[in-house]
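*Asks:* model this:
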Amino acid sequence: MDDALLQVSLLPGVEEACDTARKAVDRLRGHRMLRRKSTEVSTESLLRGARASAALEGAEAHLEEVRSGHAQHPLVQGALRISGEMGPLVTTWRAAPRQVLARLHVLGARDLVPADLLGRPRESGTPSPEEVAARLDALSALLTAPSKAPALVAAAVVHGELLALKPFGTADGLVARAAERLTLIDRGLDPKSLVSPEVGHFERAEEYRKAFEAYLTGTAEGVAEWIRHCAEAVTAGARDAQALCESMQRG
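*Replies:* Modelled structure (predicted):
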């Protein structure tokens, strides 16, 4: 059977970008503060990631508001619910991705749509529900098949496909970015969820949107541009966590 994700990893500039991101994550994972503070760093990373993911949907809030629980926008609250359940969801992500995606939507869109629509694929819109179902099946098959591709390639493809498909019609960006992070955790690049790629996407928001537009073209060049951007977002997220570790070390 062809390893489709491995073929994607051979696109121009992808291997180099993935190597740079992996080295940044490896540097972070070697920080001495993580010997006794990894849980605190992971918790803060998830919080920052939730804030950044909501901000990319237009729901901006100050970090202190988010940390204190005073940020009441439903997208911020949805992103926080997702971040709070990230650990338990990892255990079923690769085996049952469709089930996890539905759960992510339940968490992310709870205050945005009626309860009977939570976790249910949309029934109208573009792409058509039939195309969405077929491509989600293909994505699930891709995730459950063995692959020698870098974790970051798999994560970027998952993220891009879910953004493109808008499978639920609400909170799809939150779902897509959470799925990217779950993939990075599950495939071993960031097993303790120390890195917040969402922060990297938000810091490069304009580049994020342009890279996604390139992904939508379906060309090799466009897909490569998207994956390179996702790699750069992971690198930025690793730097952010490294700075957090150094701040904690200084006391």
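
*Asks:* what kind of secondary structure is residue 136 in?
*Replies:* Put simply, residue 136 is helix when judged by DSSP: H, G, I helix; E, B strand; the rest coil.

*Asks:* Isn't it up against residue 167?
*Replies:* Yes: in this structure, residue 136 is within contact of residue 167 by Cβ atoms under 8 Å, at 6.2 Å. For the C-beta atoms, the positions are set from N, CA and C on the backbone; glycine is no exception.

*Asks:* which residues are in contact with both of those two?
*Replies:* 101, 121 (Cβ atoms under 8 Å, 6 or more residues apart in numbering).

*Asks:* Could you check which of these two is surrounded by more residues?
*Replies:* Legend: neighbour count by other Cβ atoms under 10 Å for residue 136 and residue 167, higher for residue 167 (25 against 18).

*Asks:* Give the helix, strand or coil label for that one.
*Replies:* Classified using three-state DSSP, residue 167 is coil.

*Asks:* Do me a favour and average the pLDDT over stretch 121-138.
*Replies:* The pLDDT scores in stretch 121-138 average 96.

*Asks:* Ends of it, what's the gap?
*Replies:* 16 Å (Cα to Cα, to the nearest Å).

*Asks:* From the rest of the structure, what touches it?
*Replies:* In contact with stretch 121-138 (Cβ under 8 Å, 6+ apart) are residues 98, 101, 161, 164, 165, 166, 167, 168, 169.

*Asks:* now swap in stretch 2-9 and tell me
*Replies:* With Cβ under 8 Å, 6+ apart, stretch 2-9 has contacts from 14-15, 18, 142, 145-150, 153-154, 157, 223, 227.

*Asks:* ok, 10 Å please
*Replies:* 14-15, 18, 138, 141-143, 145-154, 156-158, 220, 223-224, 227 (Cβ atoms under 10 Å, 6 or more residues apart in numbering).

*Asks:* May I have it as CSV, with CA atoms only?
*Replies:* The C-alpha coordinates for stretch 2-9 follow below in CSV (Å, rounded to 0.1, in the frame of the first residue of the first chain):
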residue,chain,number,x,y,z
ASP,A,2,1.3,3.5,-0.9
ASP,A,3,2.3,5.7,2.0
ALA,A,4,0.4,8.9,0.9
LEU,A,5,1.7,11.0,3.8
LEU,A,6,5.3,10.0,3.1
GLN,A,7,4.9,11.1,-0.5
VAL,A,8,3.6,14.5,0.8
SER,A,9,6.7,14.8,3.0
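
*Asks:* Pull out the buried residues from that stretch.
*Replies:* By neighbour count with 16 or more other Cβ atoms under 10 Å, stretch 2-9 contains the buried residues 5, 8, 9.

*Asks:* got a list of what residue 12 touches?
*Replies:* With Cβ under 10 Å, 6+ apart, residue 12 has these contacts: 220, 221, 224, 225, 228.

*Asks:* Just the buried subset of those, written out for PyMOL, thanks.
*Replies:* Selection of buried members from the contacts of residue 12 for PyMOL, criterion 16+ other Cβ under 10 Å:
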select buried, resi 224+225+228
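
*Asks:* and which of the contacts of residue 12 is nearest residue 112?
*Replies:* For the contacts of residue 12, the minimum distance to residue 112 (Cβ to Cβ) is 30.8 Å, reached by residue 225.

*Asks:* In three-state terms, how would that closest one be classified?
*Replies:* Going by three-state DSSP: residue 225 is helix.

*Asks:* go on, residue 184?
*Replies:* Classification of residue 184 using three-state DSSP returns helix.

*Asks:* just checking, it touches residue 193?
*Replies:* Yes: shown here, residue 184 and residue 193 form a contact pair, counting by Cβ atoms under 10 Å, at 8.2 Å.

*Asks:* Just the mean pLDDT for whichever strand or helix holds residue 164, thanks.
*Replies:* Using DSSP states H and E, residue 164 sits in helix 151-165. Averaged across helix 151-165, the pLDDT comes to 98.
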